[in-house]
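[1] Quick check, what structure comes out for this input:
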Amino acid sequence: MSQSNPLVGVALDELFADFGRRGPGGVRVTACTANLHDVQPGDAFVAVLGDDTDGHDDACEAVRRGAAAVICERPIPVFNVPVYNVPDSRVAYGELCQALVDRPCERVRVIGVAGSHGKKSVIALLESILRAADCEVGVLASDRAFDGISYAGGWGEAPSPVDVASRLARIEAAGCTHAIVEAGSVALAQSRLAGVEFDAVCVTNVTARRLDLHQSPENYRNAEHRALEQLSAEGVAVLNSDDAVCCRWLADFGGPSLTYGFGETAQITATIVEENAGETWFVLTAGDDSAAVRTTIVGREHVANCLAAATVALVQGVDLQSIAAGIEKVTKLPGRMQRVDCGQNYPVYVDAASTPDGLAATLRTARSLAERRVICVLGEQLPRSAAETATLSSVLRKLADVAVVTNRAAAALGVEHDHADGLQIVADRGEAIAWATGIAGEGDVVVVAGSAGRPRFAFGERADADVDAVRQLLYARQSPVLRLVA
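    Residues are numbered from 1 along each chain as shown. The predicted structure is shown next:
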């Protein structure tokens with residue numbers, strides 16, 4: 001699908017003035033594409049090098065189909081239309097797509113949320129805060145989108161520059177003042193957000209993630225850092241002062257910044273006052289101002305996400321009371337320590353954690369709430385790398401008193417039955433949840449982990465198969481007669 005805006009049009013000589021051009025000049029285009037099959041007469045064709053394909057091989061055919069210009073990285077045998085040689089055609093593609101929709105970033109405050117963990121939670125919290133401050137907000141994330149008028153599915157982890165530009169244009173057209181954009185490491189590494197200038201970028205934390213794609217921790221960190229490189233001239237970096245990588249980046253960052261965290265060096269801080277199975281109270285502090293916040297989502301990591309969202313909101317000029325009100329309106333985050341309460345005498349949480357860091361954080365929260373045992377059901381969506389899988393197994397054994405895994409997960413983890421060590425292997429996910437909730441009692445905490453990737457849309461809200469499964473099991477145990485009547 002090509003990116004098109006006939007009302008604007010782009011003079012390629014101006015857009016790519018810093019790069020060499022071969023062939024005739026003076027071409028204006030109103031659409032572009034990197035897909036040969038989408039080429040229409042008058043389009044600009046961008047030759048993008050992919051994992052399995054090379055758009056440079058399609059350039060001649062694109063011209064035969066009517067392409068008015070070609071943007072590429074290396075010489076190609078095209079002579080009758082202008083050819084622009086650029087250092088990175090992916091970046092050029094993003095820049096051109098944004099130019100074709102007249103750069104919405106110049107009129108909409110675009111906020112990027114990057115980092116290894118917590119992005120979706122921070123996005124949801126920030127969206128609620130900005131709405132509490134009477135802002136019109138659009139959201140573009142891997143799992144969901146809101147263009148100011150209607151909700152839609154997300155763009156996955158590798159959105160096309162066409163999709164990025166067209167969605168931002170719709171957000172502007174709907175009258176939104178702000179757009180919150182998930183800046184995932186895949187999208188950043190592949191320059192899929194190129195051309196987007198951020199008014200602010202929040203980095204939640206940086207650990208070693210997606211090594212199957214990035215190949216090394218250094219490559220992964222470089223990908224995450226790209227979000228900061230896309231800040232506008234006056235854009236603000238919002239960094240987690242409790243994260244070692246963020247601290248290193250802060251030391252080298254020359255632009256305006258604001259830090260958040262639990263430590264003394266943070267500019268925006270929080271103090272947890274009280275926490276139980278159903279809620280957390282904390283005091284949010286910014287300089288001489290403070291506000292008490294009550295949230296029904298538990299865990300230190302959730303408070304850290306609240307801090308991140310609050311700090312970005314402060315950058316946008318939102319006052320602390322509106323920030324507190326916005327946080328409190330978020331009563332649940334699907335797959336984020338989502339409590340399922342059906343009258344049982346022990347808490348059950350559904351959490352999306354499926355990585356070593358994520359699972360460790362979740363189980364530490366469960367440990368802080370448990371008077372007896374932490375019982376964990378591990379999901380089947382395990383890390384892609386063998387090293388992460390091995391670490392996940394270690395985290396499970398170390399932080400859970402009882403662990404329940406399926407045959408499939410056990411094979412991937414390389415574990416066997418070990419009742420003495422609290423490990424139970426069962427046939428499938430449903431049986432695992434039933435077994436865990438069946439042995440739990442007062443003082444225990446049950447965590448059903450690894451629910452990521454299982455959500456669905458139901459009645460306009462996100463629901464989760466694990467939440468439904470837990471709820472059905474608990475209600476069946478609490479009131480079998482009511483279950484039969486229903």
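[2] and Arg372, what does it touch?
    401, 441-444 (Cβ atoms under 8 Å, 6 or more residues apart in numbering). Glycine gets a C-beta too; all of them are placed from N, C-alpha and C.
[3] In a helix, it, correct?
    No - per DSSP: H, G, I helix; E, B strand; the rest coil, Arg372 lies outside any helix segment and is coil.
[4] Can you read off the pLDDT for it?
    Arg372 is assigned 96 on the pLDDT scale.
[5] how about it, phi and psi?
    When read as degrees, to the nearest 10, the backbone of Arg372 gives phi -120, psi -100.
[6] Spatially nearest residue to Trp155 (excluding sequence neighbours)?
    Nearest non-adjacent residue to Trp155, counting by Cβ to Cβ, 6 or more residues apart in numbering: Asp163, 5.4 Å away.
[7] which helix is the longest one in this structure?
    In the chain, with assignment by DSSP state H, the single longest helix is helix 300-315.
[8] now the stretch 301-450 of the chain, which segments are flagged as low pLDDT?
    For the stretch 301-450 of the chain, the stretches with pLDDT under 70 are 381-385, 410-422.
[9] in the host helix or strand of Ala476, what's buried?
    Using DSSP states H and E, Ala476 sits in helix 465-478. Buried residues in helix 465-478, counted by 16 or more other Cβ atoms under 10 Å: 466-467, 469-470, 473-475.
[10] and which of the residues you listed is nearest Val206?
    In terms of Cβ to Cβ, no member of those lies closer to Val206 than Asp466, at 28.2 Å.
[11] okay, that closest one: pLDDT?
    Note on Asp466: pLDDT of 81.
[12] Skipping adjacent residues, who's closest to it in space?
    Nearest to Asp466 is Ser451, by Cβ to Cβ, 6+ apart, at 4.3 Å.
[13] Is the one you found in contact with Val470, as I believe?
    No - with contact defined as Cβ atoms under 8 Å, Ser451 does not reach Val470; the gap is 10.0 Å.
[14] so who does Trp281 touch?
    By Cβ under 8 Å, 6+ apart, the contact set of Trp281 is 272-275, 292-294.
[15] which among those end up buried?
    The neighbour-count criterion (16+ other Cβ under 10 Å) marks 275, 293 among the contacts of Trp281 as buried.
[16] Between the contacts of Trp281, which sits nearest Gly430?
    Nearest to Gly430 among the contacts of Trp281, with distances taken as Cβ to Cβ, is Glu275, at 30.9 Å.
[17] correct me, but that closest one touches His302?
    No - Glu275 is beyond contact range of His302, at 10.0 Å (criterion: Cβ under 8 Å).
[18] and the residue nearest to Val467 when sequence neighbours are not counted, what are its bridge partners?
    In this structure, Val467 finds its nearest non-sequential neighbour in Val350, 5.1 Å apart by Cβ to Cβ, 6+ apart. Beta bridges link Val350 to Gln338, Val448, judged by DSSP bridges.
[19] if we can go back for a sec, continuing past the longest helix of the chain, what's the next helix or strand?
    Moving toward the C-terminus from helix 300-315, the next element (DSSP H and E) is helix 320-329.
[20] what's that next one packed up against?
    Judged by 3 or more Cβ pairs under 8 Å, 6 or more residues apart in numbering; DSSP states H and E, the packing partners of helix 320-329 are helix 119-132, strand 280-286, strand 289-295, helix 300-315.
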